[in-house]
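J.: coords please:
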Amino acid sequence: MEKKKAVKKVLKVIGIIVLIIIALFMINTIRKLAIIKNIQKNANQYTSSKNYHIKSVGSGMNEDSTTIINSYCKGDNTLTTLEMTRDGEKIHKLSVYDNGIKKDVFTETSKQKVAEMDVEESMNLIMPIYNYFEGASNMQLIWMAIVSRVEDIEYNGKQCYRVANSPSSSVLKTDNNNIDEVYIEKDTGLVIRTHFGNTISEREYEFNNVQDDIFTEPDIREYETLKNDSIK
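T.: Modelled structure (predicted):
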C-alpha cells in the first residue's frame, strides 16, 4: 500500500513538472510571437518609403574582399552603387542609375571605365526596405515563434532583438552553416545585421534625406561608351 502511495506521489510530482514545463514553453512562445508581431508592425512604417538610403557592407562571401552597396531612392529615381574592395582598395565599382524611364550603367575597374546607356535589361540591384517576417501567415508566425530563438541584445548602441534559427532565413543556409542570426532594431523593426555561416552583412538606413543631386550621372566623357546594340 505504501509503495502505491509512493508511486502516486512520484507520478504526481512528474505530472506537476511536466505541466510547469508546458506552461513555461507556452509563455515563452507567446512572448516570442508578441515580439515578432511588434517587429512586423514597426517595420511596416518604413517599407513603403519612397525616400531612403540603405548602406550594406558585406564580408565573408569571398575570403579577402568586402562588398559595399549603397541604394538611394527618391520617387521614381533610384541609384545603386556596388563596390568591391580588397585590403581597403577599390577593385570594382558598378553604378546603376534608373529614372523609371531609362537605365544607365557605369562600371569602373583599375583598367577601364565603361558606360552602358539606356540599358533595356540590367540586374535590379536596388535594395528594398523589407519586413523580415513579411508575408508570413499567422500559422507560420506561430511556427517561427516556436522554433526560433529570440533574445534582447544591444548592438552598436542600439537596442535590438537577436533572432536565430528562424525558418524565414532557411533559404540562406547551407549544410555547413553553424551560425544563423539576424539582428533587428527594436524601434524600427528593420534588419541591421545578418550572419549566416561565414557571411556577415551590416545595414544602415536613412529616411527622407535623399537629395536630387545624388542622381546626377558621371561625366560620360570619362567613360568608354558601349552602343545599345552591343548590350544583351
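J.: Report the central residue of this protein.
T.: Closest residue to the average C-alpha location of the chain: residue 191 at 5.1 Å, with CA atoms, centre = their mean.
J.: where's that one relative to residue 47, distance?
T.: In this view, residue 191 and residue 47 are 12 Å apart by CB to CB, to the nearest Å. To be clear about C-beta, it is placed using only N, CA and C from the backbone, and glycine gets the same treatment.
J.: do residue 135 as well
T.: Taking CB to CB, one finds residue 135 at 11 Å from residue 47.
J.: Look at these two and report which has more neighbours.
T.: Per other CB atoms under 10 Å, whichever of residue 135 and residue 47 has more neighbours is residue 47, with 13 against 8.
J.: Residue 133 is in contact with that one, correct?
T.: No. Using CB atoms under 8 Å as the test, residue 47 is too far from residue 133 to be in contact (11.5 Å).
J.: The residue nearest to the centre of the chain touches residue 132, doesn't it?
T.: Yes. With contacts counted by CB under 8 Å, residue 191 reaches residue 132, the gap being 5.5 Å.
J.: what's the overlap in contacts for these two?
T.: Contact criterion CB atoms under 8 Å, 6 or more residues apart in numbering; residues shared by residue 191 and residue 132: 182, 184.
J.: List the residues that contact residue 216.
T.: Contacts for residue 216 (CB under 8 Å, 6+ apart) come out as none.
J.: ok, back up a step: can you pull the residues that touch both of residue 191 and residue 47?
T.: Common neighbours of residue 191 and residue 47, counting by CB under 8 Å, 6+ apart, are residue 130.
J.: And the longest helix along the chain, how far out from the chain middle?
T.: Ranked by residue count under DSSP state H, the longest helix found in the chain is helix 2-43. Centroid displacement of helix 2-43 relative to its chain, using CA atoms, centre = their mean, to the nearest Å, is 33 Å.
J.: Does that helix pack against any helices or strands, and if so which?
T.: Packing partners of helix 2-43 (3 or more CB pairs under 8 Å, 6 or more residues apart in numbering; DSSP states H and E): helix 138-147, strand 149-155.
J.: Let's have the ones you listed in a markdown table, adding mean pLDDT and mean neighbour count.
T.: Formatted as a markdown table, the helices and strands packed on helix 2-43 follow (pLDDT from 0 to 100; neighbours: other CB atoms under 10 Å):
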| stretch | mean pLDDT | mean neighbour count |
| --- | --- | --- |
| helix 138-147 | 90 | 14 |
| strand 149-155 | 94 | 13 |
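J.: out of these, which comes closest to residue 87?
T.: For the helices and strands packed on helix 2-43, the distance to residue 87 is smallest for strand 149-155, at 26.1 Å, taking CB to CB.
J.: Give the buried residues for whatever helix or strand comes next after that closest one.
T.: Counting by DSSP states H and E, the element after strand 149-155 in chain order, helix or strand, is strand 158-164. Using 16 or more other CB atoms under 10 Å as the burial criterion, the residues of strand 158-164 that qualify are 160-163.
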